[in-house]
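Novice: Provide a 3D model corresponding to the input given below.
(2 chains)
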Amino acid sequence: MASTQGFSLSALSSNENVAVKIELKPPPYPLDALEPHMSRKTLEFHWGKHHRSYVDNLNKQIVGTELHGKTLEAIIVDTYNKGDLHPSFNNAAQVWNHDFFWESMKPGGGGVPNGELLELIKRDFGSFEEFEKEFKTAAATQFGSGWAWLVYKAQDNKLLVIKTPNAVNPLVLDYYPLLTVDVWEHAYYLDFQNRRPDYLSVFMENLVSWEAVSSRLQLAKKAQAAQN
Amino acid sequence: MALRTLITRKSPISTHLGFRGLQTFSLPDLPYDYGALEPAISGEIMQLHHQKHHQAYITNYNKALEQLDSAISKGDASTVVKLQSAIKFNGGGHVNHSIFWKNLAPVPEGGGEPPKASLGSAIDNHFGSLEALIQKMNAEGAALQGSGWVWLAVDKELKRLVVETTANQDPLVTKGPSLVPVIGIDVWEHAYYLQYKNVRPDYLKNIWKVINWKYAGEVYDKECP
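Specialist: Numbers count the residues shown, from 1 in each chain, chains lettered A, B, ... in the order given. Sure, this is the predicted structure:
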């Protein structure tokens, strides 16, 4: 079974944190930079309160335990415990998921990717439009809290769309994550209330950082090649 | 009061349903105005929660029921099985929210008034005091990861009160077939976010000011006469 643990995961995420405390990383843009598509108010609460709480609560949970001092990715895989979730899993995975989410967006984002990423999307979904439809459908039909993802499945050399509940992420499912959208209600409620499909359309049209997705794909393929 | 929960016969547009017809559901009226629970729960939240979220569960539940009806008629077993999650999500959402609206009451109509008589003593016996019960429910409600509900339930076999949580829109019976909901509190973010933002504990602290203990007492007395 191909492993996505250790070096390859650290290479994918910019959280190479082996320090004693897990840190709250700011998004790679000011909190108002995604206006009007995602409001400053949303970023203030979503990053400033929710994401910060996951970090603070995780640090509180792991102090004095064997998890203390491990990388975030290692904590996530350990506490996932093959589906028998350890209490710290939710906080650990949500810290990572939100880092990955902020980095999946950029001001002036959206539109269509190019280069190898676009070719692979066309190859594995038929067209960009069909990928977008599948991604939005997965995100809209994830019941309750969760995430939708574009991932790279190394074993099949294929791009896939998946959806996960609550804090579960592709790291524990042996996929390389490439893009995510948060569909916990707190991600869109201030700006869109119940209208999750509108939030998803705005996300696709105006927020996705295809540069981030492309570079993650390159890293994933490099990491996979290094293992073979 | 019976008219509050409207059950309509679907008009026979689709004759493939045969003579049986299909019982579908409509949004029940709230027994109070949207703003009547303020300041504990804002009118804006009540309106969205009722007209958008609960309505969506009903709309999707009706759709799933139609598909189920069709699959049953055709003997399409795999579709019948595949539809079960949509029915649990959306049917559960309809069931749970229908209970929730009755669990709440404006203060002038008894909202927040502590339970009396048999439910009151049962709470004291099982939890020590009403404050202890509230503390327990608030702790479990706050700790629930993701979306779900926190319940005060009565086990109708054991004649005992219990506090339970369920995930997403899972109905209480998924935690025990003899559990009957006495009080349910929605801790999905849509239930409080516009007002309380990330501070779910504040929502939980305040909702007790509009909890309808009179109705809860009626439910309890029915199971434990």
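
Novice: low pLDDT regions in chain A?
Specialist: Counting by pLDDT under 70, chain A has low-confidence residues at A:1-19.

Novice: just the helices in it please.
Specialist: Per DSSP state H, chain A has helices spanning A:7-12, A:40-45, A:52-62, A:72-80, A:89-103, A:115-125, A:128-141, A:189-192, A:196-206, A:210-227. These are given in chain order.

Novice: so which of those is the most packed in?
Specialist: With neighbours taken as mean count of other Cβ atoms under 10 Å in any protein chain shown, the helices of chain A reach their highest mean count in helix A:89-103, at a mean of 24. Glycine gets a C-beta too; all of them are placed from N, C-alpha and C.

Novice: what about that one, distance to the chain center?
Specialist: In terms of Cα atoms, centre = their mean, to the nearest Å, the gap separating the centre of helix A:89-103 from the centre of its chain is 7 Å.

Novice: again, but for stretch A:169-187
Specialist: The gap between the average C-alpha position of stretch A:169-187 and the chain average comes to 4 Å, counting by Cα atoms, centre = their mean.

Novice: before we move on, the earlier item: as CSV, the helices of chain A with distance to B:Asn90 would be great.
Specialist: As requested, these are arranged in CSV below (distance: least, Cβ to Cβ, whole Å):
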stretch, distance to B:Asn90
helix A:7-12, 37
helix A:40-45, 27
helix A:52-62, 30
helix A:72-80, 29
helix A:89-103, 25
helix A:115-125, 28
helix A:128-141, 12
helix A:189-192, 20
helix A:196-206, 15
helix A:210-227, 33
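
Novice: how about these in JSON lines, adding distance to chain B?
Specialist: Listed next are the helices of chain A as JSON lines, based on distance: least, Cβ to the nearest Cβ, whole Å:
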{"stretch": "helix A:7-12", "distance to chain B": "23"}
{"stretch": "helix A:40-45", "distance to chain B": "5"}
{"stretch": "helix A:52-62", "distance to chain B": "7"}
{"stretch": "helix A:72-80", "distance to chain B": "13"}
{"stretch": "helix A:89-103", "distance to chain B": "5"}
{"stretch": "helix A:115-125", "distance to chain B": "23"}
{"stretch": "helix A:128-141", "distance to chain B": "9"}
{"stretch": "helix A:189-192", "distance to chain B": "5"}
{"stretch": "helix A:196-206", "distance to chain B": "10"}
{"stretch": "helix A:210-227", "distance to chain B": "26"}
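
Novice: Count the neighbours of residue 70 for me.
Specialist: Reading this off chain A. 18 (other Cβ atoms under 10 Å in any protein chain shown).

Novice: Chain B was what I was after
Specialist: Counted by other Cβ under 10 Å, the residues lying close to B:Ser70 total 17.

Novice: which element follows the helix or strand encompassing it toward the C-terminus?
Specialist: When secondary structure is defined by DSSP states H and E, B:Ser70 falls within helix B:55-74. The helix or strand immediately downstream of helix B:55-74 is helix B:77-82, counting by DSSP H and E.

Novice: buried set for that following helix?
Specialist: B:Val80 (16 or more other Cβ atoms under 10 Å in any protein chain shown).

Novice: Pull the residues that contact that helix.
Specialist: B:67-68, B:71-72 (Cβ atoms under 8 Å, 6 or more residues apart in numbering or on different chains).

Novice: Would you mind writing the CA trace of that helix as PDB?
Specialist: Extracted in PDB, the C-alpha atoms of helix B:77-82 (Å, rounded to 0.1, in the frame of the first residue of the first chain):
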ATOM      1  CA  ALA B  77     -34.400  -3.400  -3.900                       C
ATOM      2  CA  SER B  78     -31.100  -1.600  -4.400                       C
ATOM      3  CA  THR B  79     -32.700   1.800  -4.900                       C
ATOM      4  CA  VAL B  80     -34.900   1.200  -1.800                       C
ATOM      5  CA  VAL B  81     -31.700   0.600   0.200                       C
ATOM      6  CA  LYS B  82     -29.800   3.500  -1.400                       C
END
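
Novice: Need the mean per-residue confidence for it.
Specialist: The predicted model gives helix B:77-82 an average pLDDT of 98.

Novice: Report all helices and strands that the next helix or strand after it contacts.
Specialist: Counting by DSSP H and E, the element after helix B:77-82 in chain order, helix or strand, is helix B:84-103. Helices and strands touching helix B:84-103, by 3 or more Cβ pairs under 8 Å, 6 or more residues apart in numbering or on different chains; DSSP states H and E, are helix B:55-74, strand B:179-186, helix B:213-223.

Novice: And the helix holding B:Ser70, what does it pack against?
Specialist: In this structure, helix B:55-74 packs against strand B:23-25, helix B:77-82, helix B:84-103, with contacts taken as 3+ Cβ pairs under 8 Å, 6+ apart.

Novice: Now do the contacts for the residue lying closest to B:Gly176 once chain neighbours are set aside.
Specialist: For B:Gly176, the nearest residue in space outside its immediate sequence neighbours is B:Asp155; the separation is 6.7 Å by Cβ to Cβ, 6 or more residues apart in numbering or on different chains. Applying Cβ under 8 Å, 6+ apart, one finds that B:Asp155 lies in contact with B:161-162, B:176, B:178-180.

Novice: returning to what we had before: dump the contacts of helix B:77-82 to TSV, plus neighbour count.
Specialist: Formatted as TSV, the entries for the contacts of helix B:77-82 read as follows, by neighbours: other Cβ atoms under 10 Å in any protein chain shown:
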residue	neighbour count
B:Gln67	17
B:Leu68	19
B:Ala71	17
B:Ile72	14
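
Novice: of all those, which comes closest to chain A?
Specialist: Using Cβ to the nearest Cβ, B:Gln67 comes nearest to chain A of those, at 14.8 Å.

Novice: show me the contacts for the closest one.
Specialist: By Cβ under 8 Å, 6+ apart, B:Gln67 lies in contact with B:79, B:83.

Novice: Quick check: it vs A:Asn91, distance?
Specialist: Distance, B:Gln67 to A:Asn91, using Cβ to Cβ, to the nearest Å: 39 Å.

Novice: just B:Glu66 next, same as before
Specialist: Taking Cβ to Cβ as the measure, B:Glu66 falls 41 Å from A:Asn91.
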